[in-house]
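[1] Structure for the following, please:
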Amino acid sequence: MSEIGGRRFALLTYEDRGNLGDEIQSLAARRFLPRVDDWVDRELLDGFRSESGVPAQIILNGWFCIRPQNWPPSPDLRPLLVSFHLSPGAPQKTLLSEPCLSYLKKFGPVGARDLPTLRALQAANVPSWFSGCLTLTLERPNVARDDGLVILNDVPPQFVRAVAGRTRKRIELTTHLGDPGVSQSTRFEMAAGLLEKYASASCVITSRLHCALPCLAMGTPVLLIDLFPDQWRFEGLNSLLRHVDPKFFLENLDCFDTDNPTPNAELHIPYRLDLIERVTRFLSAPIEQPMPAEY
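    The predicted model follows:
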């Protein structure tokens, strides 16, 4: 394959962990790429080799790393470290120690997806800033808005019953839990289908970060229910949109009017514009020669 201007472009893929939020994050990155030359498994980044000898540019956004032993990534990858999330425990211990620490500093500043990640990076003296999530840059697909549709995404049955008891609209349930064993291409199709559903709805109620943030980006009124115990993943991002404690929601259903939802706030816009500018600049910047294997 010939490279435009001597460039190659890579995109993150994922072993089947059953969470379509991963593919939604890759779809956010993919829209910036002129094409995808290489598909790179998030947990096998160290094993990537460019067959043409041309290093591949890749946006490393999302959660790292399930397999800490596979860091740092291959020198055949040119990364943009943005919307980067580090879980407490082994991921932080690995990525914030050598040789990964030098890798992060070399390719920094690192855009942290959430505030706990930012604090961990800054404590390790990694140049970094709060970037927010790349899904904030998604564009609304060309689908009609259905004012009679409310989507409930990955919420428990009692929430479904509560909403159904007070709305005149029809309800559609969605989930980010994909069927195990389906192909990567099918998961990307399923993720794209979910985004179209969210864009078409009059409003969405969800427990999922990568449903709420795309809705914010696409202008669909959304309410995030703080259901998951690991709410540190949401810190910083949840301040950009409406979110509510589960118990409070069930006791105060009028806190979000599904029949007449008000528009989202626009607090995410500065992060969206900054991410778009940084990704665009990265993809057009000169590419250096391959680095040595040791960082």
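
[2] for the chain, which spans come out with low pLDDT?
    Along the chain, the parts satisfying pLDDT under 70 run over 1-5, 16-17, 287-295.

[3] okay, now the domains of it?
    As recorded under automatic domain parsing, the domains making up the chain are 4-135+272-284, 139-264.

[4] buried stuff in stretch 45-62?
    Residues of stretch 45-62 classed as buried by neighbour count (16 or more other C-beta atoms under 10 Å): 45, 48, 50, 54-62. For the C-beta atoms, the positions are set from N, CA and C on the backbone; glycine is no exception.

[5] Go through these and say which is closest to residue 240.
    Nearest to residue 240 among the buried residues of stretch 45-62 is residue 61, at 16.6 Å by C-beta to C-beta.

[6] wait, isn't the closest one in contact with residue 29?
    Yes - the criterion here is C-beta atoms under 8 Å, and residue 61 meets it with residue 29 at 5.9 Å.

[7] Need the overlap of contacts for those two.
    When C-beta atoms under 8 Å, 6 or more residues apart in numbering defines a contact, the residues bordering residue 61 and residue 29 alike are 12, 134.

[8] can you give me the helices for the protein?
    For the chain, the helices defined by DSSP state H occupy 21-30, 90-95, 100-106, 115-123, 157-164, 184-200, 209-218, 246-251, 269-284.

[9] deepest of those helices, which one?
    helix 209-218 (a mean of 27; mean count of other C-beta atoms under 10 Å).

[10] contacts for that one?
    21, 24-25, 28, 133, 135-141, 153-154, 174, 176, 194-195, 198-199, 204, 206, 221-222, 224, 233-234, 237, 240-241, 243, 264, 268, 272.

[11] switch to 6 Å and redo it
    Residues outside helix 209-218 that contact it (C-beta atoms under 6 Å, 6 or more residues apart in numbering) are 21, 24, 133, 135-136, 138, 140, 153, 195, 198-199, 204, 206, 222, 224, 241, 264, 268.
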